[in-house]
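Student: please work out how this folds:
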Amino acid sequence: MVVVRSALWGALIGTLLMGALTTVIDVSTPSDTDSSVFVTFIAIAFVSFLFGGIPGAVVGTVVGAIRNAVRQPRHVPPPMYHPPVPQQPYDMWSDLVERCAESTRRVSAAVQTVPNSPAKEWLPRITEKLVTELDDVRGIAQLGRALGAVDRQHPVYQRLLKATHDFHAFENEVGRVALQMFDHPELDEARTHLEVLEKQLPQLST
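Tutor: Purely as a prediction, here's the structure:
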């Protein structure tokens, strides 16, 4: 709509200006022939529209298009929306279970470093028992979740907390025995240490 109005105003202004200019030239120019006023008017109107109205309409169209473009609101792309990452609630049970699991992994890795010997064949049995105890740790944690316990003084939590200390202490003991077996890998030399180590396994299932 803005472009159309600008084109019409351009054509009107161009026609009037050219008509005024043509009229001035016609009046100021002497003529030997007499022409009727009607013919003169038609001629001036034709020249005015041809050389004033049409160029004026073109200029008005250009100006209207510019004004219309300026008025149009710029398209601003909507901001990227990233859905919030759901926050997992803190689980105090998982923390204790993971501490026991980490001790179990370290014990297994330590056993692999012991030199091959009949004494080393005893160690996998101890590792398997520790894995069984880790399953019991997970079961105790599930019990705590099922009871909805959130108090760290809850008996279930205290039981699991003691288990993490036992697993860590056993991990240190395995390291000590493994170090001794580097110097004395014979079964007779290591038997006492292995029997003591087996007795020190975390006893959650009893």
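Student: what's the following helix or strand after whichever strand or helix holds Val137?
Tutor: Assigning secondary structure by DSSP states H and E places Val137 in helix 123-146. Note on helix 123-146: by DSSP H and E, the next helix or strand toward the C-terminus is helix 155-183.
Student: quick one: that following helix to helix 123-146, angle?
Tutor: Angle, helix 155-183 to helix 123-146, by axes from the mean of the first three to the mean of the last three C-alpha atoms, to 10 degrees: 170 degrees.
Student: after helix 155-183, which helix or strand is next?
Tutor: Toward the C-terminal end, the helix or strand that comes next after helix 155-183 (DSSP H and E) is helix 187-199.
Student: picking that back up, so for the helix holding Val137, mean pLDDT?
Tutor: Looking at helix 123-146 alone, the average pLDDT works out to 90.
Student: quick one, domains of the chain?
Tutor: 2-28+35-71, 92-199 (automatic domain parsing).
Student: pull out the buried positions in the helix holding Val137.
Tutor: Of the residues in helix 123-146, those buried under the neighbour-count criterion (16 or more other C-beta atoms under 10 Å) are Leu123, Ile126, Thr127, Leu130, Glu133, Leu134, Asp136, Val137, Ile140, Ala141, Gly144. Glycine gets a C-beta too; all of them are placed from N, C-alpha and C.
Student: low-confidence ranges in this structure?
Tutor: 1-12, 14-53, 55-65, 67-90, 185, 187, 189, 204-206 (pLDDT under 70).
Student: tell me what the helix holding Val137 is packed against?
Tutor: Helices and strands touching helix 123-146, as assessed by 3 or more C-beta pairs under 8 Å, 6 or more residues apart in numbering; DSSP states H and E, comprise helix 92-112, helix 155-183, helix 187-199.
Student: rerun at 7 Å
Tutor: Taking 3 or more C-beta pairs under 7 Å, 6 or more residues apart in numbering; DSSP states H and E as the contact definition, the neighbouring helices and strands of helix 123-146 are helix 92-112, helix 155-183.
Student: can you point out the buried residues in the longest one?
Tutor: Within helix 155-183, the residues scored as buried using 16+ other C-beta under 10 Å are 156-157, 160, 163-164, 166-168, 170-171, 173-174, 177-178, 181.
Student: which strands or helices does that helix pack on?
Tutor: Counting contacts by 3+ C-beta pairs under 7 Å, 6+ apart, helix 155-183 is packed against helix 92-112, helix 123-146, helix 187-199.
Student: give the contact list for the nearest residue to Arg159 once chain neighbours are set aside.
Tutor: The shortest distance from Arg159 to any residue other than its chain neighbours is 6.0 Å, reached at Ile140 (C-beta to C-beta, 6 or more residues apart in numbering). When contacts are counted by C-beta atoms under 7 Å, 6 or more residues apart in numbering, Ile140 is found next to Val156, Arg159, Leu160.
Student: I'd like those residues as CSV, with distance to Val150 appended.
Tutor: Listed next are these as CSV, based on distance: C-beta to C-beta, whole Å:
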residue, distance to Val150
Val156, 11
Arg159, 16
Leu160, 14
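Student: export the helix holding Val137 as PDB, just CAs?
Tutor: In PDB, the C-alpha atoms belonging to helix 123-146 read as follows (Å, rounded to 0.1, in the frame of the first residue of the first chain):
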ATOM      1  CA  LEU A 123      44.400 -65.100  45.800                       C
ATOM      2  CA  PRO A 124      41.600 -65.400  43.200                       C
ATOM      3  CA  ARG A 125      39.500 -67.200  45.800                       C
ATOM      4  CA  ILE A 126      39.800 -64.300  48.100                       C
ATOM      5  CA  THR A 127      39.000 -61.800  45.300                       C
ATOM      6  CA  GLU A 128      35.800 -63.900  44.400                       C
ATOM      7  CA  LYS A 129      34.700 -63.700  48.000                       C
ATOM      8  CA  LEU A 130      35.200 -59.900  48.000                       C
ATOM      9  CA  VAL A 131      33.000 -59.600  44.900                       C
ATOM     10  CA  THR A 132      30.300 -61.600  46.800                       C
ATOM     11  CA  GLU A 133      30.600 -59.200  49.700                       C
ATOM     12  CA  LEU A 134      30.200 -56.300  47.200                       C
ATOM     13  CA  ASP A 135      26.900 -57.800  46.000                       C
ATOM     14  CA  ASP A 136      25.800 -57.700  49.700                       C
ATOM     15  CA  VAL A 137      26.800 -54.000  49.800                       C
ATOM     16  CA  ARG A 138      24.500 -53.300  46.900                       C
ATOM     17  CA  GLY A 139      21.700 -55.200  48.600                       C
ATOM     18  CA  ILE A 140      22.100 -53.100  51.800                       C
ATOM     19  CA  ALA A 141      22.000 -49.900  49.700                       C
ATOM     20  CA  GLN A 142      18.800 -51.100  48.000                       C
ATOM     21  CA  LEU A 143      17.300 -51.700  51.500                       C
ATOM     22  CA  GLY A 144      18.200 -48.100  52.500                       C
ATOM     23  CA  ARG A 145      16.500 -46.800  49.400                       C
ATOM     24  CA  ALA A 146      13.400 -48.900  49.900                       C
END
